[in-house]
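> structure for this input, please:
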Amino acid sequence: MATKTDELYELLLSKGYPQPFCQEIAYHTLNTDFTATRMIGYLYRVSEPSLEMVVDEMLAIVSDRDRLIRKKETERAQAVINDVYTNGL
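The predicted structure is shown next:
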């Protein structure tokens, strides 16, 4: 069964990008279903993006992912603080 990461790798290769580039993007940088799916969507929407455009989109996806992770961490910390306020230590 192919994963989203495998699908992204194959799609990048089919668009003619160099194999090491495809491998780095798919298996090292965008290696979750969430990030791979975002890039797959981009690659289907934009016809013939340059290497630079793909890298720019990858950076935007990574930035969004990092922002979402920080948001979730903040929400968890706030929940703990709220619990302390409500129930005490």
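> in the helix of greatest length in the chain, which residues are buried?
With secondary structure taken from DSSP state H, the chain has its longest helix at helix 51-87. Residues of helix 51-87 classed as buried: 54, 57-58, 61 (neighbour count, 16 or more other C-beta atoms under 10 Å). C-beta here means a position set from N, CA and C on the backbone, and glycine is covered the same way.
> please state the offset of it from the chain centre?
For helix 51-87, the distance from its own C-alpha centre to the chain's C-alpha centre is 12 Å (C-alpha atoms, centre = their mean, to the nearest Å).
> that one packs against which elements?
Using 3 or more C-beta pairs under 8 Å, 6 or more residues apart in numbering; DSSP states H and E, the elements in contact with helix 51-87 are helix 33-45.
> flag the shaky bits of the chain, pLDDT-wise.
The chain contains residues with pLDDT under 70 at 1.
> list the contacts of the spatially most central residue of it.
By C-alpha atoms, centre = their mean, the chain has its centre lying nearest to residue 35, at 2.4 Å. Residue 35 makes contacts with 29, 61-62, 65, as judged by C-beta atoms under 8 Å, 6 or more residues apart in numbering.
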